[in-house]
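A.B. asks: return atomic coordinates for the entry below.
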Amino acid sequence: MKTWLVVLTIAVIGLGAYSIDLHGDKEDLQRTVLAQYTDNLTDASEKLSHLQRAVSQSLLFQDEQAIHSELDSVWRLSSEVRSSIATIPIGQELSNEWMNYLGRLGDEAKRTAKTGDYEAWREKMPQISTNLQSLSDDWTAATVDFYKNDGKMDVWLQQVDNKNPNATFDNVKDTLKGYGEKDFPLTLSESDWQKKIELKALQDAVITEKEAIEKVKYLFPVIKDATFTVTKSNDTAPYPFYHIQFHQGIRLGYVDLTEKGGHLLSYLVERPVDEAKLSQEEVIKKAQEYTKKLGMKDVAYVESRENHQAWHVTFARVHPGDNALIYADGVQLKVAKDSGELLGANAMEYIQEEKIKPQTAKPIDWKTFFQDDVQVQEVKNIYTDNGQFEQRLCYEVIALRDGDSQETFRIVIDAENHNVLKVEYLT
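C.D. replies: Below you'll find the model as predicted:
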């Protein structure tokens, strides 16, 4: 009996020591993570201050080279501040406001350097410089509050989850929102783009949760006998949708459908995948059949890429006027290599549907457009974004340069004005 008591006592002491070790490890991990957050907060504060100075310094010069140097600093620092802030858990809304404001500022600097419209920059930037100073002060106050947590990770996480919000970080969020709307008002094309992203054009009637499940069973009969759980999107989502989780045998996954009309946004199923049995051609054929079953009868095949379990097959909507591919209206399917089962679909871009303005394609003489050692292998008509939220009719050219070593390029050229929009090195 005494022996058992001794053994039991030792076991209890051992468990207690193990518990203390675990607690100590957890505290060490929290301190490490918090130290990283602290470093990133400090880094963001310093770079934000440097960014404000770079904006002010860009207003000093008439000399083009000097202006370009400062514009490059504004673009670089705005990207660096974004990178620092992206690694800090400060809440999704505040993070989004920061990403938007800094991104717009960096884009403005890059665009000014490209267009040379320095007068517009000088007109806009004095107020933005003042606003950045205000933001820098608010951000510094917020980080001081963070340091007051004295290394307490649970306090920080409660602030991030809005269970015990930090008023100073909320001030930064509100200030950013106000400055963002005033400093960088949306252009007409940006406003149209935002409406497209938020599916403003959807006029379909709202469907019920029961109707959403029936739609899922119709689109994906392989899971018609699954157990379903339906939740609605939260209030901050850009548009309302149903998130439908399912479980059936070896299959586990989800489907997202818009509340208006029950349009497919995304589909993903996880299951064990056996050894590959289907060829690429067979997979593409099955993928084409799936697009028709999903109601996407106006798309054409673009490309396919593989991993060890599946093929990822991309389609794009075909413009009815000229049969050019609208890359922005894309559909991506994931097809299993073993049986050809549809394992995933992303139709978000397809639903957003671009509105194409009439454009005229003017022919190009490739022999005079390219150097003599360049051979045009393929030309495809496409629509793509020109960087200003406008879909332009373009020639997508695959060209081979037959020099000392053969090199292949993908070149996108505006079909109307023949501006080169993109050059991509392939091999």
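A.B. asks: which parts of stretch 116-133 are buried?
C.D. replies: 118, 121, 125, 128-129, 131-133 (16 or more other C-beta atoms under 10 Å). All C-beta spots, glycine's among them, are computed from the backbone N, C-alpha and C.
A.B. asks: a markdown table please, covering these and showing secondary structure and distance to residue 257.
C.D. replies: Output for these, formatted as a markdown table (DSSP: H, G, I helix; E, B strand; the rest coil; distance: C-beta to C-beta, whole Å):
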| residue | secondary structure | distance to residue 257 |
| --- | --- | --- |
| 118 | helix | 49 |
| 121 | helix | 45 |
| 125 | helix | 45 |
| 128 | helix | 41 |
| 129 | helix | 46 |
| 131 | helix | 41 |
| 132 | helix | 42 |
| 133 | helix | 46 |
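A.B. asks: from those, which is closest to residue 388?
C.D. replies: Among these, residue 121 lies closest to residue 388 (C-beta to C-beta), at 17.0 Å.
A.B. asks: now that closest one, nearest residue through space, not along the chain?
C.D. replies: Nearest residue to residue 121 in three dimensions, chain neighbours excluded: residue 112, at 4.6 Å (C-beta to C-beta, 6 or more residues apart in numbering).
A.B. asks: sticking with the one you found, tell me its helix or strand.
C.D. replies: Counting by DSSP states H and E, the element that carries residue 112 is helix 92-115.
A.B. asks: starting at the chain centroid, how far to that helix?
C.D. replies: Here the centre of helix 92-115 is set off from its chain's centre by 15 Å, with C-alpha atoms, centre = their mean, to the nearest Å.
A.B. asks: after the least confident helix or strand in the chain by mean pLDDT, which helix or strand is next?
C.D. replies: Ranked by mean pLDDT, DSSP states H and E, the helix or strand of the chain with the weakest confidence is helix 153-160, at a mean of 53. Using DSSP H and E, the helix or strand that follows helix 153-160 in sequence is helix 167-183.
A.B. asks: now for that following helix, which elements pack on it?
C.D. replies: helix 92-115, helix 118-147 (3 or more C-beta pairs under 8 Å, 6 or more residues apart in numbering; DSSP states H and E).
A.B. asks: so which of those helices is nearest residue 320?
C.D. replies: Residue 320 sits nearest to helix 92-115 of all the helices and strands packed on helix 167-183, at 32.8 Å, using C-beta to C-beta.
A.B. asks: just the buried residues of that closest one, please?
C.D. replies: Under the neighbour-count criterion of 16+ other C-beta under 10 Å, helix 92-115 has 94-95, 97-98, 101-102, 104-106, 108-113 buried.
A.B. asks: wait, which of those is closest to residue 334?
C.D. replies: Using C-beta to C-beta, residue 95 comes nearest to residue 334 of the buried residues of helix 92-115, at 28.8 Å.
A.B. asks: next up, the contacts around the closest one.
C.D. replies: Listed by C-beta atoms under 8 Å, 6 or more residues apart in numbering, the contact set of residue 95 reads 85-86.
A.B. asks: I'd like the distance between it and residue 129.
C.D. replies: 23 Å (C-beta to C-beta, to the nearest Å).
A.B. asks: next one: residue 216
C.D. replies: The gap separating residue 216 from residue 129 is 52 Å, by C-beta to C-beta.
A.B. asks: over to residue 87?
C.D. replies: Per C-beta to C-beta, residue 87 is found 26 Å from residue 129.
A.B. asks: which SS class is residue 379?
C.D. replies: Following DSSP: H, G, I helix; E, B strand; the rest coil, the label given to residue 379 is strand.
A.B. asks: look up which residues are beta-bridged to it.
C.D. replies: In this entry, residue 379 is beta-bridged to residue 397, by DSSP bridges.
A.B. asks: thought it was touching residue 410?
C.D. replies: No - Residue 379 lies out of contact with residue 410 (C-beta atoms under 8 Å); the separation is 11.3 Å.
A.B. asks: common neighbours of the two, please.
C.D. replies: Common neighbours of residue 379 and residue 410 are listed as 396-398 (criterion: C-beta under 8 Å, 6+ apart).
A.B. asks: which of these has the largest number of neighbours?
C.D. replies: If you count neighbours using other C-beta atoms under 10 Å, the busiest of the shared contacts of residue 379 and residue 410 is residue 397, which has 22 neighbours.
A.B. asks: remind me which residues of this structure are low pLDDT?
C.D. replies: 1-38, 89, 91-92, 142, 145-171, 186-194, 236, 403-404 (pLDDT under 70).
A.B. asks: spell out, range by range, the helices that occur in it.
C.D. replies: For the chain, helices defined by DSSP state H occupy the ranges 2-57, 64-86, 92-115, 118-147, 153-160, 167-183, 188-197, 209-219, 280-293, 348-352, 366-369.
A.B. asks: quick one: distance of the shortest one to the chain centre.
C.D. replies: Here the centre of helix 366-369 is set off from its chain's centre by 37 Å, with C-alpha atoms, centre = their mean.
A.B. asks: from the chain's centre, how far out does stretch 281-293 sit?
C.D. replies: Distance, centroid of stretch 281-293 to centroid of chain: 27 Å (C-alpha atoms, centre = their mean).
A.B. asks: in that stretch, what's buried?
C.D. replies: By 16+ other C-beta under 10 Å, the buried positions in stretch 281-293 come out as 283-284, 286-287, 290-291.
A.B. asks: out of those, who's nearest residue 212?
C.D. replies: residue 290 (19.9 Å).
A.B. asks: thought residue 299 was touching residue 315?
C.D. replies: Yes - under the criterion of C-beta under 8 Å, residue 299 makes contact with residue 315 at 4.0 Å.
A.B. asks: return every residue with contacts to both of these two.
C.D. replies: Counting by C-beta under 8 Å, 6+ apart, the shared contacts of residue 299 and residue 315 are 291, 331.
A.B. asks: looking at the two, which one has more neighbours?
C.D. replies: residue 315 (25 against 22).
A.B. asks: got the contact list for the more buried one?
C.D. replies: For residue 315, the contacting residues are 287-288, 291, 296, 299-302, 330-333, by C-beta under 8 Å, 6+ apart.
A.B. asks: ok, what's across the strand from it?
C.D. replies: Beta-bridge partners of residue 315, counted by DSSP bridges, are residue 301, residue 331.
A.B. asks: residues contacting stretch 374-384, please?
C.D. replies: Applying C-beta under 8 Å, 6+ apart, the set of residues contacting stretch 374-384 is 316, 319, 322-328, 354, 356, 361, 366, 370, 391-402, 408, 412, 415, 421-422.
A.B. asks: if we use 6 Å, what do you get?
C.D. replies: By C-beta atoms under 6 Å, 6 or more residues apart in numbering, the residues outside stretch 374-384 that reach it are 324-327, 366, 391, 393-401.
A.B. asks: how far off centre is it?
C.D. replies: Worked out by C-alpha atoms, centre = their mean, stretch 374-384 lies 27 Å from the chain centre.
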